[in-house]
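J.: what would the 3D arrangement of this be:
(chains A and B)
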Amino acid sequence: MTRTRSPRSRSKRPSGGLRPWLGWAIKLSLVGLVVLAGFAVYLDAIVQEKFSGKRWTIPAKVYARPLELFVGQKLSKNDFLTELDALGYRRESVANGPGAAAVNGNTVDLNTRGFQFYEGAEQAQPVRVRFSGDYVAELSSTNGGKLPVVRLEPLLIGGLYPKNLEDRILINIDQVPPFLLETLVTVEDRDFYHHFGVSPKSIARAMWVNTSAGQMRQGGSTLTQQLVKNFYLTNERSLSRKLTEAMMALLLELHYDKREILEAYLNEVFVGQDGQRAVHGFGLASQFFFSQPLAELKLHQVALLVGMVKGPSAYNPRRYPERALVRRNLVLDLLEQQGVATPEQVAAAKKMPLGVTKRGSLADSSFPGFLDLVKRQLREDYRDEDLTEEGLRIFTSFDPILQMKSEAALGETFKRLAGRKGSDEVEAAMVVTNPETGEVQALIGSRAPGYAGFNRALDAVRPIGSLIKPAVYLTALERPSQYTLTSWLSDDPLSIKGADGQVWKPQNYDRRSHGTVFLYQSMMNSYNLGTVRLGQEVGVPNVLKTLARLGVEREFPAFPSMLLGAGALSPMEVATMYQTLANGGFNTPMRGIRSVLTAEGEPLKRYPFQIQQRFDPGSIFLIQNAMQHVMREGTGRSVYNVLPKSLALAGKTGTSNDSRDSWFAGFSQDLLAVVWLGRDDNGKTPFTGATGALQVWTSFMKKADPLPLDMPQPDNIVQAWIDPHTGQGSDAGCPGAVQMPYIRGSEPPAGATCGGQEPATGEAVMDWVKGWLN
Amino acid sequence: MNKLWIAAVSALALLNGCASVPQGSIPVVDSGVAVSNNERVSAQRTAGSYPQAAAPRAAQARTITEDSGVVVMIPGGAASVSTPISTQPFTPGPITPGPAAAPISTGSYTPSAPYSAPAPITPSGIPSNSGGLAADEQLDGPVLALLTTAQQQQSSGDLNGAASSLERAQRVAPREPQVLYRLAQVRMAQGDTAQAEQFSRRGLTFASGRPDLQASLWGLIAQAREKQGDAAGAALARQKAKVSL
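T.: Residues are numbered from 1 along each chain as shown, chains lettered A, B, ... in the order given. As a prediction, this is how the structure comes out:
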């Protein structure tokens, strides 16, 4: 810009000589021409360089998992419609064209939009989905042919923005909806197809309108000039800038045809501000305001968007709906007047509401907790510039439906428990994964949904309390010659002398001892004394080894207090640990990202599913059995006040000292959730694991309606009938006999028929009965 | 002389048949295709000039350090083997399918499979059932469709695409051992023998009562161990494969 002024001033200076006036003038104008030509060459370089090179930097786009449809899939019609709404599907009586859906009872007809995935392209196609109960009963093409599997396009859940926070979705001029180009030209620059970049006619008209109105009513800028202004120049208002703009507009028109210029305009135009993010281009604007791809917009939506160009903040349809409506209808009138649209079309469009999506609907919610996880994973593999500039497409495992359900569960539970003193200060975190794939599906980092601050799911590292216990019991159960689920375990008081001479006397939560109980009972009732005794027997270092094998990478000192969960983990780490328990002893590094494509849709990177067997399936089968007892009769039993008895679940409560942390971790066949409640200042809360976190977990599971836990019985497991009081083998027909799983060879010898059996007596049993009733 | 010609031509045809893409398979990535309905990037004049150089490439070569000294139980086996999680990056690009990637014979999924697999010729030295599945193991719609897609991708040398499709199938039917078996095969073809073994093992935990499949899975474990230089483990797995049958 500095150079633009200097030649100009030089061209004025030599006007001192007067005598050979004409000669000078000729010479001068020659000099001026040369200078001007030089300047033009310089500008031309700028114009061409930026326009032919990469025109925009595009932030990486993050997508949720695409919803898969197939017969037999567990999916309720309501959840399906929620997803369709979020994806901006129009509800029509007959689905017509991509992005349209028609609901008729249990059948939904829709036209999918198609999408480029890592594995290949999913074609846009008409699909009929019939629901029966909460299952997909039929999936066919609307002409009747059966379809094996269909994928919807994924929901865009966010982007990774650079510092200037410009965001856009690039569009091709061939993909614009009807009316858009005509409307834009009619409203902004009627001579667009006839001028050379600047339009003397428009300028004259603008001057005429402005002078007769006495104020700035109309700008004389062509679309080309507007593009040049936004694209190359600053917002400065000066004559020299105006002249530069005009020259550049001329040069642009010289090199590029009208369609190319129009396409650039469509992508460059500023249409609104979303917090710190600047919304550029009609592609993003369409998603931002309507949650729909640009190509699907109808006349009334096109008119609204084009009308907003004049003043994106003044005509913001979310903030000033009335003003925006007036502006939209004005544009529609103009279209009618200019013959772009018929009076009928305009009348119909005017009857339409603005159609702008609400903030806070699924489509317009933000999920900062999960995005944070994605960003951290990406930063390990990419430079910041790659993420913010190259338009990468990040495909994740995020499930917006499960996320909304977990947020709802958290909110409702807090509302229900609001009466508890001090519950207002309690914060929360939650991690939801699929144990069968190791994928993170939902994540809550804060009690306030959408809060993008401290991500407690990843960063709140807190003592896990009794969540550690499955590791203690699993360590024992891996030694079937020594321990079975029905091994006797003393819950009598004990004291342990530490290396420093200090004596540690652990206590049960109810401050009572429960005598001698079965191993699984100590686990299900979360008895501390029995657990510490067992942990001492198998050795604290071995318990810590088990913890490491479960997937916990943090190092802990081998103190006896570790047996009661003095070690601190984040909810995400707990999810990793429990995932191994849930998935048959196979550990999976938790994944939030599936794959990355380049802006052009070419595969760039995959985050493959990896598993590693860390435990014998038999011992996992046993610990899962004990964890199911937790839910049926132990500390987690309140879950069945809400959920059906037929739903087999496994889990464990956790409460740290003085109820500072309330934990619950548990799983069904297809869903694992970890909930943490606690205060940021580590103060006391009014919740135990059972009264706090478990309530959130239960509410979530109720909404998510998972599949019952059903681990296939490993070959080395046998089911034996036992007497529930003595643990001795029993006949299947004996009253009260129960079946328990054992590693083959560790089961009690088969019992005699009931006639010959002594009635069970003894203190242990009485204690056990008390424990049962407790 | 003439006979020699016939032999040479038929050998060539055979090789070609093995290497070529089955009819009807679609190229996985068509960069000319609209990336999505609304996001077309051709407006950006840099098609193909994505500066993917430094960072992502470097990242691919990254290794994930895992606790490597973990003792892993072999299901049903007595041996304990220390296996670190595979840290091998998956290199894209065509990998010549070796015996490990021997395509499953068509009939094994269901007789009406829509794709035609290469002629049912197995490379010499590999028993005909090594990659096969019992004919009675029918798969239903979505899984079959995705396995078919994966098969096509694998045949065309797109192992990453195949693995990705198989993971998609695994999400649809997480406990279908045939999916895990195919995933293990593709991992093997990618040179990731450790994961090939792990997925086979996972498959075994769901394959109870399916002796043919168990034998195939043990066979794959044997191959994986062999490639890892674990001859004893491979022999053990091979024995298991025989017992299963």
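
J.: isn't A:Val675 right up against A:Ala690?
T.: No - under the criterion of C-beta atoms under 8 Å, A:Val675 is not in contact with A:Ala690, lying 11.6 Å apart. From N, CA and C alone the C-beta is placed, and that goes for glycine too.

J.: now do the SS call for the closest residue to B:Leu146 other than its chain neighbours.
T.: In space, B:Leu146 comes closest to B:Ala169 once its chain neighbours are excluded; the distance is 3.8 Å by C-beta to C-beta, 6 or more residues apart in numbering or on different chains. Three-state secondary structure (criterion: DSSP: H, G, I helix; E, B strand; the rest coil) places B:Ala169 in helix.

J.: quick one: which of A:Val675 and A:Ala690 has more around it?
T.: Legend: neighbour count by other C-beta atoms under 10 Å in any protein chain shown for A:Val675 and A:Ala690, higher for A:Val675 (32 against 21).

J.: now do the same for that one: helix, strand or coil?
T.: Here A:Val675 is recorded as strand under three-state DSSP.

J.: beta partners of it?
T.: On the basis of DSSP bridges, A:Val675 takes part in beta bridges with A:Met430, A:Phe664.

J.: list the contacts of it.
T.: A:428-430, A:571, A:663-665, A:693-694, A:696-697, A:700 (C-beta atoms under 8 Å, 6 or more residues apart in numbering or on different chains).

J.: distance of it relative to chain B?
T.: 23 Å (C-beta to the nearest C-beta, to the nearest Å).

J.: what residues does the stretch 401-550 of chain A put near chain B?
T.: Within the stretch 401-550 of chain A, the positions near chain B by C-beta under 8 Å from any C-beta of the partner chain are A:434, A:436-437, A:439, A:548-549.

J.: pLDDT score for residue 54?
T.: This is for chain A. pLDDT, A:Lys54: 67.

J.: if you could check chain B rather than the one you did, that'd help
T.: According to the model, B:Ala54 scores 36 on pLDDT.

J.: for A:Val209, same thing?
T.: 69.

J.: please apply the same query to B:Arg40.
T.: As predicted, B:Arg40 sits at a pLDDT of 35.

J.: need phi/psi at A:Arg594.
T.: For A:Arg594, the backbone dihedrals are phi -100, psi -50 (criterion: degrees, to the nearest 10).

J.: so it is in contact with A:Tyr118, correct?
T.: Yes - with contact defined as C-beta under 8 Å, A:Arg594 counts as touching A:Tyr118 (7.1 Å).

J.: identify the contacts common to those two.
T.: Between them, A:Arg594 and A:Tyr118 share these contacting residues under C-beta under 8 Å, 6+ apart: A:395, A:606, B:164.

J.: what is the burial count for A:Ser221?
T.: Other residues close to A:Ser221 by other C-beta under 10 Å number 22.

J.: sorry, back to before: with neighbour count and distance to A:Ala86 added, can I get the contacts of A:Val675 in TSV?
T.: Shown next, in TSV, are those (neighbours: other C-beta atoms under 10 Å in any protein chain shown; distance: C-beta to C-beta, whole Å):
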residue	neighbour count	distance to A:Ala86
A:Ala428	25	24
A:Ala429	29	24
A:Met430	29	20
A:Pro571	30	26
A:Trp663	31	31
A:Phe664	30	29
A:Ala665	31	29
A:Ala693	32	28
A:Leu694	30	30
A:Val696	28	24
A:Trp697	28	25
A:Phe700	25	19
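
J.: can you name the residues that contact A:Gly72?
T.: A:135-136, B:140.

J.: quick one: low-confidence ranges for chain A?
T.: Per-residue confidence for chain A (pLDDT under 70) gives these ranges: A:1-19, A:54, A:162-165, A:209-210, A:213-219, A:235-237, A:359-365, A:755-774.

J.: same check, this time on chain B
T.: By pLDDT under 70, the low-scoring segments of chain B are B:1-138, B:245.

J.: quick check: B:Tyr181 vs B:Ser156, distance?
T.: As defined by C-beta to C-beta, to the nearest Å, B:Tyr181 lies at a distance of 21 Å from B:Ser156.

J.: swap in A:Met701?
T.: From A:Met701 over to B:Ser156 the distance is 43 Å, taken as C-beta to C-beta.

J.: A:Leu33 too?
T.: 62 Å.

J.: looking at those two, which one has more neighbours?
T.: For A:Leu33 against B:Ser156, the residue with the higher neighbour count under other C-beta under 10 Å is B:Ser156, and the figures read 19 against 11.
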